[in-house]
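> Give me a 3D structure for the following:
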Amino acid sequence: MRQNISSGSPWEAKIGYARAVRVGNVVHVSGTTATVNGEVVGEGDPAEQTRAVLGIIRRALETAGARLEDVVRTRIYVTDIRQWEEIGLAHGEVFGEIRPATTMVQVAALIDPLHLVEIEAEAILP
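This next block holds a predicted model:
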């Protein structure tokens, strides 16, 4: 059985994606940026954007019946790899004990020039 979890963004229907998808005991969370109600949170602050992104991911997981502790993989996309430590430490505030497999890569750009970080997550429920 498939469960699509929506963030309520009008772009989901237009582009054809869901904030998260649960199939069985696996939850995939789409690439998530620090956008709340159409506004970028933490403009110019990669750590604050990372915290905001992880909060959005947490809420999507909870809607799918999962927890942050169920996350086994994150992928972090950044626009400036020189900010890796700020982003990584903010990621560690949430995942320091959980320790999912993680990748961080620099990309040329994200969908909005104000976005500094985008994160995907995968969780497996026990």
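> In the protein, what helix or strand scores lowest on average pLDDT?
Lowest on mean pLDDT, DSSP states H and E among the helices and strands of the chain sits helix 10-11, with a mean of 85.
> I'd like the next helix or strand past it.
Sequence order places strand 20-23 as the next helix or strand after helix 10-11, per DSSP states H and E.
> Each with direction, which strands does that following strand pair with?
Here strand 20-23 is paired, per DSSP bridges, with strand 2-5 (antiparallel), strand 26-32 (antiparallel).
> quick one: that strand to chain centroid distance?
Distance, stretch centre to chain centre, for strand 20-23: 14 Å (Cα atoms, centre = their mean, to the nearest Å).
> tilt between whichever strand or helix holds residue 62 and strand 26-32?
Following DSSP H and E, one finds residue 62 within helix 46-63. Put simply, helix 46-63 runs at 150 degrees to strand 26-32, going by axes from the mean of the first three to the mean of the last three Cα atoms, to 10 degrees.
> I'd like to know which elements helix 46-63 is packed against.
Packed against helix 46-63 by the contact rule (3 or more Cβ pairs under 8 Å, 6 or more residues apart in numbering; DSSP states H and E) you find strand 20-23, strand 26-32, strand 71-78, helix 84-95, strand 117-124. Any C-beta I mention is one placed from the backbone N, CA and C, and that applies to glycine too.
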